[in-house]
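Peer 1: Have a look; sequence and predicted model below, questions after that.
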Amino acid sequence: MKPSIKRLIFSVVLACAGLLAALLIVEAGMRLFSGTLEKDSTLPTRVSLFDFGNVLAKKLTLMRDSYPKQHDAVLGWVPKAGYSGSDNILSKEINIAANTVRTNGAARPTSGSAILVTGDSFTFGDSVNNNETWPSYLEEILARRVINGGVFGYGLDQSFLRAKSLADEVSPGVIVLGLIPDDIPRMGFSKWYGAEKPYFEISEGLLVLKNQPVPDVPTQLDGLGFVKSVLGHFYTADYLMRRMGKAEWWYADKFKSIPVKNDLHAVSRRIVEGFYELAVRKGCRAAIVVQYTEADITDPRRANRKRIYPTIIHAREKGIPVIDFYPLLKSMPPDQLKTLYQGHMTASGNKFTAKMIAAALASEGVIPNASFLSSDVDFYRQVVSQNTDDLDKLAMAKDNFLRELANDPTNPSRYNTVGVLYLNLGALESAAFYFTKAVTLNPTYAEAVNNLGMVAMSTMHFADAEQFYRKAMELDTKIFEPYYNMACARSLQNDPDGAAMWIEKAIQKGFASREQLENDGDLENARKSGKFMKLIESLPAK
């Protein structure tokens, strides 16, 4: 090796060593002053000079565990009894009573039996102080004690269990169950974002509680990926990510979630029935409050409204008043809507929520319609009646057909129509009931048999779905619907060539919508097939 090359390599190594030393000095200095530098952090946490672990992993775990919570063998977690202060991830004043419910701030004169509220973080009041949650504002409006049993991160299953537990303790006059659409999929996990939780399965038509007792284990992180696994060891990287506006990516959730195979439609239906039975047992009134995130209202791609609607339908059919905030929020100008949200509800958002809940409870006869509520009651009724969406209209049509069916209880066609409306509303169990009734009255009713296949396919029971479709083909050789649906079933099972075969048969039977083949989400896998694409091209474009 020539001397010049040796000198070059030595210079490069020396320069790298000097750069590394400089970086280590910067890292050491920043760690020494981390107490000051952490003031802009989501969770101010000093970093030790000799802590060689992954700073990011530690902070993520602290963020998850920094809610004032404690383990609960039935519910998974509850607010920490006796906690008081603002030293938490929310940086808000939070006071938790000895029975693990959040206090409402300043004491107020109250009368009458208590209103017990359970739910998720929207009910608990993430991002606001004690006196700025909607249960607190509701207490102020009604001058009636309101118990805030909301808990951050809960699914509908946990909120229901929490209601059962607290109702036995406080004997309320009214129980309000709060939820958002995302509370439905949370029921499909035994571990949710690193935290162990209970879940329900259905056995012989009944709810069966699983993961009991809930294990008391530390929050678990999933893999951070190569970049974060390396850079995460450096506090400098953590600090720069915050300063450069990359905190959202840097702190992106990396917690383990473990799904379970349970039927969320059936579980939510049984929970509604259990909630109704709880109110009957306690001799009190019940109501359900459905809130939404800002994205649920503003993002047309989100299907969360349809996700929650079957729960709304079944509650109303059980006679439980449902206070659905969708029409109220959808009617608002964008600028006004923004003032209600900052991730969760702002104080003004919670005040509006409480006013509308008070008005709705009075409108539904759950509480007396006092004179001071009349203007809000009128506003609530007017906005809700004038801002129905397609799902509301389907529900009204369903109710009309049910009334007609009561006068003509042996008409299979009406049963099938009601089933179709339930299917489009996402209420699969009710849809299956009415389709089955139609087939019982008329065993050769091919359309109803085909529709039973659609219910089975919606719950991913593909073998059952295909059996129904084949039966419908036998009963009526002229209709194309079961052939088309068979293609969807094959596509959803990642069999594009099989889907193409059945679409070809559907076309032979009279199917002719090129646009539907191009856009149906169930046929996404089918469009990977060259034969399927040729079949699309064979149909005339509009």
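Peer 2: Received it, and whenever you're ready, just let me know what you need. Numbering: from 1, shown residues only.

Peer 1: which residues touch the nearest residue to Asn54 once chain neighbours are set aside?
Peer 2: Residue nearest to Asn54 in three dimensions, not counting chain neighbours: Gly232, with 4.2 Å by C-beta to C-beta, 6 or more residues apart in numbering. (Glycine included, C-beta is placed from N, CA and C.) With contact taken as C-beta atoms under 8 Å, 6 or more residues apart in numbering, Gly232 is in contact with 54-57, 224, 238.

Peer 1: Show the secondary-structure elements that whatever helix or strand Gly18 lives in is packed against.
Peer 2: Gly18 belongs to helix 3-32 when assigned by DSSP states H and E. Judged by 3 or more C-beta pairs under 8 Å, 6 or more residues apart in numbering; DSSP states H and E, helix 3-32 is in contact with helix 235-243.

Peer 1: and the next element down the chain from the helix it packs on?
Peer 2: Scanning forward in sequence from helix 235-243 by DSSP H and E, the next helix or strand is helix 247-250.

Peer 1: before we move on, the earlier item: for the contacts of Gly232, which entry has the maximal number of neighbours?
Peer 2: Asp238 (27 neighbours; other C-beta atoms under 10 Å).

Peer 1: what about that residue, distance to Lys58?
Peer 2: Asp238 sits 10 Å away from Lys58, going by C-beta to C-beta, to the nearest Å.

Peer 1: what does Asp253 give?
Peer 2: 15 Å.

Peer 1: Also Lys80?
Peer 2: According to C-beta to C-beta, Lys80 and Lys58 sit 21 Å apart.

Peer 1: Just give me the residue right at the centre of this structure.
Peer 2: Nearest to the geometric centre of the chain sits Asp182, at 0.5 Å (C-alpha atoms, centre = their mean).

Peer 1: How many residues are close by the residue lying closest to that one once chain neighbours are set aside?
Peer 2: Once flanking residues are discounted, Asp182 sits nearest to Asn304: 6.9 Å by C-beta to C-beta, 6+ apart. For Asn304, the tally of surrounding residues (other C-beta under 10 Å) stands at 19.

Peer 1: His461 now?
Peer 2: Neighbours of His461 (other C-beta under 10 Å): 16.

Peer 1: which parts of stretch 367-383 are buried?
Peer 2: The neighbour-count check on stretch 367-383 (16 or more other C-beta atoms under 10 Å) flags 367, 373, 376-377, 380, 383 as buried.

Peer 1: again with stretch 526-542
Peer 2: Buried, per 16+ other C-beta under 10 Å, within stretch 526-542: 526-527, 529, 532-533, 535-536, 539.

Peer 1: And the contacts of that stretch?
Peer 2: 487, 490-491, 496-497, 499-500, 503-504, 507, 512-515, 517-518, 523.

Peer 1: how near is Ala107 to Ala28?
Peer 2: Taken as C-beta to C-beta, the span from Ala107 to Ala28 is 51 Å.

Peer 1: I misspoke; the intended subject was Ala98.
Peer 2: Applying C-beta to C-beta, the value for Ala98 to Ala28 is 45 Å.

Peer 1: Repeat that for Phe435.
Peer 2: Counting by C-beta to C-beta - Phe435 and Ala28 are separated by 70 Å.

Peer 1: more neighbours, these two?
Peer 2: Shown here are Phe435 and Ala28; by other C-beta under 10 Å, Phe435 has more neighbours (29 against 14).

Peer 1: list the contacts for the closest residue to Asn129 other than its chain neighbours?
Peer 2: By the measure of C-beta to C-beta, 6+ apart, the closest residue to Asn129 outside its immediate chain neighbours is Glu93, 4.4 Å from it. Neighbouring residues of Glu93 by C-beta under 8 Å, 6+ apart: 85-86, 129-130.

Peer 1: Quick check: ChimeraX command selecting the buried ones in those residues.
Peer 2: To isolate the buried ones among the contacts of Glu93 in ChimeraX, judged by 16+ other C-beta under 10 Å, type:
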select :129,130
